[in-house]
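K.L.:
what's the 3D shape of this:
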Amino acid sequence: MKNILFIIEKEFKQIFRNKAMLPIIFVMPIIQLFLLSNAATFDIRNLKIGINDNDKSTLSKELFRKIASSNYFVLTSIPKSISEAETELDIGKIDIYLEIPPNFEKNIINKNIDNDNTIYMLFNAIDGTKAGLGNFYLQSIIGDFSGSIIKYNKSIYFSPEEMIVFKNIGITYSNWYNPELNYNNFMLPGILVLLVTMIGTFLSAMNIVREKEIGTIDQINVTPIKKYEFIIGKLMPLLIIGTFELIFGMFIAVIIFKVPLVGNGLVILSFGIIYLIACLGLGFLISTTTDNQQQAMFISWFILVIFILLSGLFTPIESMPEWVKYITIFNPVKYFIEVVRLVMLKGSGFGDIGRHFLIISVFAISLNSLAVMRYKKTNI
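P.N.:
Take a look at the predicted model:
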């Protein structure tokens, strides 16, 4: 035990003497959390739209107004034809073109619901997500507009017999766990997990290999310190720092970004400690197999990119191919993101995430055991 305490003391002294490492540990996560929480969102706004109203009637102007006044669209052009709109799409002046046909209001009043009343739309689909969401937003606005015509003007445009077509169907819905569909509530827990993962893995990956580069590893190897004592002594300071980062990140998420914490924060903290042990074990395993810090950083980044892309943060795992879903079983990042979201947004407790605890504990034990076995201690 005394040997482990000596190593822990040495590690803390080395960390706080290294002026380049302190900003990486304490400043970088805060900046990244603030930047990524505002940049990583699926809520697309300010889509550039061009609208051509060929009818100029009361109804067409009302539809024009509803679209132009939406927070999702910015009216940047009024093309006079499809060819002009295609040119503007090519040069990036607009993202979406919408054309209201002639006799739009007249066809509605005359009950002509054939293709003569079709609203034409063009999308710049280089960014498929932007085009898909733009299409969804427009259809929602047009659908709401259509419903308001039927609701408020049925006595003018349609007789009671004709209104049989438009049955009164009421739709009531509620969004559980994230009622306002706030993307910060969805993304911030995942971003917090990524930052903790990156800090824990990168620092531990560079730790032992740095001792190799400066030559102090040989001095440690001739001491009576056992391999497991060496790994534990290396692990504990980084675990304390990583736990501090997690607590501080949760504080920022809840206090500043108003992400709800429905469940018990101790559940996240308990899981986070085991998760950090797994990440540190992975970093130490990388560190014992590389010869310099450049190699350690490259391998760490290669592994973390795969973990991040397969974590379900940016792309739902359910949407991935079947063979990729099997690979995500071995991704610890996926389990921590699920746990943070379940606890913060849903209020899950220890009983609800027992399976996640078991899996991440297996990861932690396996990776650190491999790191201990892989570390070669040679007595001279």
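K.L.:
quick one, what contacts V343?
P.N.:
For V343, the contacting residues are L261, V262, G263, N264, G265, V267, I268, G349, I353, taking CB atoms under 8 Å, 6 or more residues apart in numbering as the criterion. The C-beta positions use only the backbone N, C-alpha and C, and glycine is treated the same way.
K.L.:
Produce a ChimeraX select command limited to the buried residues of those.
P.N.:
The following ChimeraX command selects only the buried members of these, with burial defined by 16 or more other CB atoms under 10 Å:
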select :263,267,268,353
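K.L.:
Format the contacts of V343 as a markdown table; extra columns: secondary structure and pLDDT.
P.N.:
Rendered in a markdown table, the data for the contacts of V343 read as follows (DSSP: H, G, I helix; E, B strand; the rest coil; pLDDT from 0 to 100):
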| residue | secondary structure | pLDDT |
| --- | --- | --- |
| L261 | coil | 90 |
| V262 | coil | 90 |
| G263 | coil | 90 |
| N264 | coil | 92 |
| G265 | helix | 91 |
| V267 | helix | 94 |
| I268 | helix | 94 |
| G349 | coil | 90 |
| I353 | coil | 91 |
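K.L.:
and the contacts of V343, which two are the farthest apart?
P.N.:
Pairwise distances across these peak at 15.2 Å for L261 and I353 (criterion: CB to CB).
K.L.:
Can you give the contact residues for the strand or helix carrying F12?
P.N.:
Secondary structure from DSSP states H and E places F12 in helix 2-17. With CB under 8 Å, 6+ apart as the test, helix 2-17 has contacts from 21-22, 25, 224-226, 229-230, 232-234, 236-238, 241.
K.L.:
biggest separation within those residues, which pair?
P.N.:
L22 and P224 (31.9 Å).
K.L.:
who's more crowded, these two?
P.N.:
Neighbour comparison, L22 and P224: the larger count goes to L22, with 13 against 7 (by other CB atoms under 10 Å).
K.L.:
Which strand or helix spans the more buried one?
P.N.:
L22 is part of helix 21-22 when elements are defined by DSSP H and E.
K.L.:
what's the spacing between that helix and its chain's center?
P.N.:
Between the centre of helix 21-22 and the centre of its host chain there is 26 Å, according to CA atoms, centre = their mean, to the nearest Å.
K.L.:
Emit the PyMOL select command for whichever of the contacts of helix 2-17 are buried.
P.N.:
A single PyMOL command is used to select the members of these judged buried by 16+ other CB under 10 Å:
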select buried, resi 25+225+229+230+232+233+234+236+237+238+241
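K.L.:
Any idea which of the contacts of helix 2-17 the model trusts least?
P.N.:
Ranked by pLDDT, these bottom out at M21, which has 72.
K.L.:
Just give me the neighbour total for A253.
P.N.:
The number of residues packed around A253, counting by other CB under 10 Å, is 23.
K.L.:
wait, C279
P.N.:
Neighbour number of C279 under other CB under 10 Å is 31.
K.L.:
for K212, same thing?
P.N.:
Counted with other CB under 10 Å, the neighbours of K212 add up to 17.
K.L.:
correct me, but it touches T288?
P.N.:
No. Counting by CB atoms under 8 Å, T288 is not a contact partner of K212; they are 9.5 Å apart.
K.L.:
what's the single longest strand in this structure?
P.N.:
Using DSSP state E, we find that the single longest strand of the chain is strand 47-53.
K.L.:
And it, what does it pack against?
P.N.:
In terms of contacts (3 or more CB pairs under 8 Å, 6 or more residues apart in numbering; DSSP states H and E), strand 47-53 is packed against helix 58-68, strand 73-77, helix 82-91, strand 96-100, helix 128-157.
K.L.:
buried ones in it?
P.N.:
L47, K48, I49, G50, I51, N52, D53.
K.L.:
where along the stretch 101-250 of the chain do the strands fall?
P.N.:
Under the criterion DSSP state E, counting those that start in this stretch, the stretch 101-250 of the chain contains strands at 120-123.
K.L.:
rewinding a little: could you give the average pLDDT over the helix holding F12?
P.N.:
pLDDT averaged over helix 2-17 equals 80, rounded to a whole number.
K.L.:
Put the alpha carbons of it into CSV.
P.N.:
Output for helix 2-17, consisting of C-alpha atoms alone and laid out as CSV, is shown next (Å, rounded to 0.1, in the frame of the first residue of the first chain):
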residue,chain,number,x,y,z
LYS,A,2,2.9,2.3,0.8
ASN,A,3,4.4,1.8,-2.6
ILE,A,4,1.1,2.8,-4.3
LEU,A,5,0.9,6.0,-2.2
PHE,A,6,4.4,6.9,-3.2
ILE,A,7,3.5,6.5,-6.9
ILE,A,8,0.3,8.5,-6.5
GLU,A,9,2.3,11.3,-4.9
LYS,A,10,4.9,11.2,-7.7
GLU,A,11,2.1,11.3,-10.3
PHE,A,12,0.4,14.3,-8.8
LYS,A,13,3.7,16.2,-8.6
GLN,A,14,4.5,15.4,-12.3
ILE,A,15,1.0,16.5,-13.4
PHE,A,16,1.0,19.8,-11.6
ARG,A,17,4.6,20.5,-12.7
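K.L.:
Could you give the separation of it from the chain centroid?
P.N.:
Distance, stretch centre to chain centre, for helix 2-17: 35 Å (CA atoms, centre = their mean).
K.L.:
try stretch 194-210
P.N.:
Here the centre of stretch 194-210 is set off from its chain's centre by 21 Å, with CA atoms, centre = their mean.
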